[in-house]
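Q: Just need the structure, nothing else, for what follows:
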Amino acid sequence: MKKPLIYIFLFLFFTVAGNAFSEEMSVVIKEAQIRSAPSFLGKIIEVVPYGRRLEILEKTKDWVEVILSGGTGWVHESALTRKKVVLSAGEGVGETGASSDEIALAGKGFNAQVEAQYKEELELDYTWVDEMEGIVVPTEEIVAFLESGYLEYDLGAE
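A: Have a look, this model is predicted:
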């Protein structure tokens, strides 16, 4: 009679201990694409916003498996940080927000204002750059292209 009780205790202990040590990471890009497989060719199953905390199941190469409301998915580790992201002052206590260097770097992005300044000062024409930025190729078309050229790809590889 004592052995089943010990097994129940051990099961509960490891379940609680496992949950206490579960790892979470924060999204550090505007929107992280959660995919069905650890590959950029994996189908996008969910998009999560900057700052969202995701519970980590496992890591494979540069991909991290995360828990979603409807199951699990994969996100490239470059979209995540171990830091807890604070979105704005007073919004909660976090380990850290963005550093002043990170804010300065983000502010140097190539936006419409910077592009207009370059066009004016350097007389550059961004028409074709703007055209190319607007091109979106669906994943299904990329896969079809790969298959039509007899190229091999592995959804589990990089």
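Q: least trustworthy helix or strand in the chain by mean pLDDT?
A: Every helix and strand of the chain was ranked by mean pLDDT, DSSP states H and E. The lowest is helix 100-107, at a mean of 54.
Q: Would you mind identifying the next helix or strand past that helix?
A: helix 112-122 (DSSP states H and E).
Q: Next, the residues that contact that next one from outside, please.
A: Contact partners of helix 112-122, identified using CB atoms under 8 Å, 6 or more residues apart in numbering, comprise Leu124, Asp125, Tyr126. Placement of C-beta: from N, CA and C, glycine included.
Q: Not counting its neighbours along the chain, what's nearest the second one?
A: It refers to Asp125. Of all residues not flanking Asp125 in the chain, Lys119 sits nearest, at 7.5 Å (CB to CB, 6 or more residues apart in numbering).
Q: re the thing from before, so among the contacts of helix 112-122, which ones count as buried?
A: Among those, not one is classed as buried by 16 or more other CB atoms under 10 Å.
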